[in-house]
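**Q** The amino acid sequence is not available; the structure is as follows:
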């Protein structure tokens with residue numbers, strides 16, 4: 001099935017969405033962390049804590065962080081959960097190179113590694129991980145159904161999937177405030193700090209088009225997950241999904 005966000009690309013051109021997303025993140029990698037925290041007023045850190053807390057009772061030892069980017073979620077998860085192994089995967093080497101430097105500075109090279117992967121065709125065998133996390137990256141998938149099916153495939157039975165994704169608020173006044181912020185502030189700050197306005201025009205467009213709440217819950221179930229719940233955070237500007245294989 002095709003979803004609206006799969007047709008939204010960062011740039012004009014004939015390249016696939018995956019190719020354009022890889023190019024975009026390679027372009028903005030040096031400025032990404034600074035801009036990401038600025039645009040969310042650092043609230044993203046508390047969202048990550050809530051996501052990681054869901055996994056803590058299960059003490060997962062083999063974790064894959066999909067769309068790991070510069071490794072913020074991977075580092076936070078490793079510190080809290082202390083798994084034997086945490087592999088951050090992404091299609092952007094530029095982003096992961098920033099992550100590798102951060103992991104070195106944190107002294108976590110023995111626990112966290114990075115590997116270039118396209119989540120729609122993972123190189124890992126079945127039942128490889130007991131937890132998979134995706135923070136703010138699933139809306140960039142070129143094929144959402146295929147990406148979810150692949151994550152289901154490489155999870156162990158009883159393993160857990162945690163997804164954090166930006167979403168559009170439904171209610172006044174946050175809905176109206178967010179509309180102004182996404183149309184004016186995000187693209188302007190993006191252009192100033194990253195020199196790539198297209199990337200931060202793409203961001204609100206992809207959020208708007210991405211299925212959320214009950215719709216996304218059904219899509220995750222369709223991939224095979226038996227238990228799927230979600231919670232809206234910060235008046236609906238982020239949604240946290242939790243699923244079990």
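**A** Received the coordinates, thanks. Not measured: the values here are computed from a predicted model.

**Q** Can you show me the strands along the chain?
**A** 62-66, 85-90, 112-116, 129-135, 155-166, 227-233, 238-244 (DSSP state E).

**Q** quick one: which of those is nearest residue 201?
**A** Comparing those by their distance to residue 201 (C-beta to C-beta), the top pick is strand 155-166, with 14.7 Å. C-beta: built from backbone N, CA, C; applies to glycine.

**Q** which residues touch that closest one?
**A** Here strand 155-166 makes contact (C-beta atoms under 8 Å, 6 or more residues apart in numbering) with 47-48, 51-52, 54-55, 58, 60, 73, 127-136, 138-139, 151-152, 207, 210, 212, 216, 220, 225, 237-245.

**Q** repeat that with 7 Å
**A** With C-beta atoms under 7 Å, 6 or more residues apart in numbering as the contact definition, strand 155-166 has outside contacts at 47-48, 51, 54-55, 58, 127, 129-136, 138-139, 151, 207, 210, 225, 237-245.

**Q** Buried ones among these?
**A** A residue is treated as buried here by neighbour count (16 or more other C-beta atoms under 10 Å); on that basis the buried members of the contacts of strand 155-166 are 47-48, 51, 54-55, 129-136, 138-139, 151, 207, 210, 225, 237-243, 245.

**Q** Now do the longest helix that the chain contains against strand 155-166, angle only.
**A** In the chain, with assignment by DSSP state H, the single longest helix is helix 17-39. Relative orientation of helix 17-39 and strand 155-166, computed by axes from the mean of the first three to the mean of the last three C-alpha atoms, to 10 degrees: 60 degrees.

**Q** Any idea how far helix 17-39 is from the middle of the chain?
**A** Relative to the mean C-alpha coordinate of its chain, helix 17-39 is positioned 12 Å out (C-alpha atoms, centre = their mean, to the nearest Å).

**Q** Can you spell out which helices and strands pack onto that helix?
**A** Contacts of helix 17-39 with other secondary structure elements, assessed using 3 or more C-beta pairs under 7 Å, 6 or more residues apart in numbering; DSSP states H and E, are made with helix 93-106, helix 186-194, helix 197-209.

**Q** most packed of those?
**A** The highest average neighbour count among these, using mean count of other C-beta atoms under 10 Å, belongs to helix 197-209 at a mean of 20.

**Q** Quick check, residue 75 in contact with residue 102.
**A** Yes. In this structure, residue 75 is within contact of residue 102 by C-beta atoms under 7 Å, at 6.4 Å.

**Q** in the longest helix of the chain, what's buried?
**A** With burial defined by 16+ other C-beta under 10 Å, the residues of helix 17-39 counted as buried are 17-18, 20-25, 27-33, 35-36, 39.

**Q** Over to stretch 226-236?
**A** For stretch 226-236, burial by neighbour count (16+ other C-beta under 10 Å) applies to 228, 230, 233, 234, 236.

**Q** Double-check residue 90 against residue 69; I have them as touching.
**A** Yes. Under the criterion of C-beta under 7 Å, residue 90 is in contact with residue 69, at a separation of 6.1 Å.
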